[in-house]
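[1] Please work out how this folds:
(one chain, ligands or ions: 2)
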Amino acid sequence: TYLVTDACIKCKYMDCVEVCPVDCFYEGENMLVINPNECIDCGVCEPECPAEAILPDTEADQEKWLEINAKFSEEWPNITVKKDSPADADEHKGEEGKFEKYFS
Ligand code: SF4
Ligand code: F3S
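    Ligands and ions are numbered 1, 2, ... in the order given. The predicted structure is shown next:
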């Protein structure tokens with residue numbers, strides 16, 4: 001599977017949503033996650049993310065992000081259409097420690 005990591009937090013560009021052939025993105029307040037059971041590993045979302053937040057599970061900090069993507073994709077609503085990203089998205093692009101600071 002592919003996984004959304006903390007680089008997405010407060011950026012939420014949502015270009016990923018547009019390209020996923022199986023609509024397996026789920027939306028939280030500050031970030032999106034992928035449902036690992038639905039992702040078909042096509043990889044098209046990875047280069048679309050301007051924040052480079054999407055990684056294959058072979059590269060991501062596997063255990064942590066697999067757990068977060070799996071858990072929250074069961075709780076958050078499915079998102080299939082790109083919306084406007086937050087007005088201050090660019091200010092948070094590349095910021096360090098976003099999970100610790102903002103994830104809730
Ligand atoms: Fe969707 Fe493909 Fe990305 Fe998986 S790898 S989330 S199926 S676009
Ligand atoms: Fe997040 Fe990148 Fe998608 S910032 S919403 S994973 S395009």
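
[2] C-alpha from now on. contacts and neighbour counts both.
    Noted.

[3] so E52 makes contact with A7?
    Yes - the pair formed by E52 and A7 meets the contact definition of C-alpha atoms under 8 Å, at 6.8 Å.

[4] Looking at those two, which one has more neighbours?
    A7 (23 against 17; other C-alpha atoms under 10 Å).

[5] So C49 versus E74, what's the distance?
    22 Å (C-alpha to C-alpha, to the nearest Å).

[6] higher neighbour count, these two?
    The neighbour count for C49 versus E74, taken as other C-alpha under 10 Å, is higher for C49 (20 against 13).

[7] what does the model give the more buried one for pLDDT?
    pLDDT for C49: 98.

[8] Check V19 too.
    For V19, the predicted pLDDT is 98.

[9] The one 3 residues further on too?
    Among the per-residue scores, V22 holds a pLDDT of 98.

[10] Need the phi and psi values for it.
    Dihedral pair for V22: phi -120, psi 10, per degrees, to the nearest 10.

[11] what about it, neighbour count?
    Neighbour tally, V22, other C-alpha under 10 Å: 12.

[12] is the helix or strand E100 falls within anywhere near ligand 2?
    E100 is located in helix 98-102, with elements delineated by DSSP states H and E. No - against ligand 2, helix 98-102 shows no contacts by C-alpha under 6 Å from any ligand atom, the least distance being 12.3 Å.

[13] Quick one: the strands in this protein, in order.
    2-4, 25-27, 32-34, 54-56 (DSSP state E).

[14] got the residues of this structure near ligand 1?
    Going by C-alpha under 6 Å from any ligand atom, the residues of the chain near ligand 1 are 2, 19-22, 24, 34, 39-45.

[15] most surrounded residue in those residues?
    I34 (29 neighbours).

[16] Find the nearest non-adjacent residue to that one, please.
    In space, and not counting its chain neighbours, I34 is closest to F25: 4.7 Å by C-alpha to C-alpha, 6 or more residues apart in numbering.

[17] can you tell me how far that neighbour sits from K12?
    Distance of F25 to K12, computed by C-alpha to C-alpha: 12 Å.

[18] Can you work out which residues contact both of these two?
    Residues touching both F25 and K12 (C-alpha atoms under 8 Å, 6 or more residues apart in numbering) are L32.
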